[in-house]
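*Asks:* I would like to see how this sequence folds:
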Amino acid sequence: MKNILSPFHLAFPVKDLLETKGFYTDILGCSLGRTNEKWIDFNFLGHQITAHLSPESFSLEDIANTVDGKNVPVRHFGLILDWEDWHTIKDRLIKQKVTFIIDPYIRFKGQKGEQATLFIADPSLNGIELKSFKDKKMIFSA
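*Replies:* Here you go, the predicted structure:
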């Protein structure tokens, strides 16, 4: 496979489409794509994410792994942003009084893989991680 950065597609369950639409457009700034009564497509900074109406139960406490001393929800998705963009979005989320699952901080400070990270949840408790590396070569470093 060529090492080309391409937009990804992710489908995920939600309990309420109207509430989900508000969160992804008003809080995260996503634009809308196709929609119907059972799903909504969003433009997540150039990636296609699709919220599907689902009756399943939602809980962030179901499964978590400890990473750098924090309880990271196993079920999450996110983006790797430019360093300045991460800080801009972090500041916007703080200004909007968004509740963080894991407050913004620098993970693995001074170590290989150092990164800025934060975790939030959408109204259906889908975990979302936004992170950034000062040195993007560290994204896949072992």
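
*Asks:* Show me the beta-bridge partners of the closest residue to residue 81 other than its chain neighbours.
*Replies:* Of all residues not flanking residue 81 in the chain, residue 132 sits nearest, at 4.8 Å (C-beta to C-beta, 6 or more residues apart in numbering). Any C-beta I mention is one placed from the backbone N, CA and C, and that applies to glycine too. Here residue 132 sits in beta bridges with residue 81, residue 116, as judged by DSSP bridges.

*Asks:* Tell me where the model's unsure across this protein.
*Replies:* The model of the chain has pLDDT under 70 over residues 1-3, 57-62.

*Asks:* got the residue ranges for the helices in it?
*Replies:* Using DSSP state H, the helices found in the chain span residues 17-22, 83-95.

*Asks:* What helices and strands are in contact with the first one?
*Replies:* Think helix 17-22. For helix 17-22, the elements it packs on are strand 39-44, strand 47-53, judged by 3 or more C-beta pairs under 8 Å, 6 or more residues apart in numbering; DSSP states H and E.

*Asks:* Would you reformat these as CSV and include distance to residue 83 and mean neighbour count?
*Replies:* Formatted as CSV, the helices and strands packed on helix 17-22 follow (distance: least, C-beta to C-beta, whole Å; neighbours: other C-beta atoms under 10 Å):
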stretch, distance to residue 83, mean neighbour count
strand 39-44, 19, 20
strand 47-53, 19, 18
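
*Asks:* Which among the ones you listed is found nearest to residue 16?
*Replies:* strand 47-53 (8.0 Å; C-beta to C-beta).

*Asks:* Give me the residues contacting the closest one.
*Replies:* With contact meaning C-beta atoms under 8 Å, 6 or more residues apart in numbering, strand 47-53 is reached by 7-17, 20-21, 24, 30, 33, 37-42, 77, 79, 124.

*Asks:* How is the chain partitioned into domains?
*Replies:* Taking automatic domain parsing as the reference, the chain has its domains at 1-55, 64-142.

*Asks:* about what we covered before: need the helices and strands packed on helix 17-22 in JSON lines with distance to residue 101, can you?
*Replies:* Listed next are the helices and strands packed on helix 17-22 as JSON lines, based on distance: least, C-beta to C-beta, whole Å:
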{"stretch": "strand 39-44", "distance to residue 101": "18"}
{"stretch": "strand 47-53", "distance to residue 101": "18"}
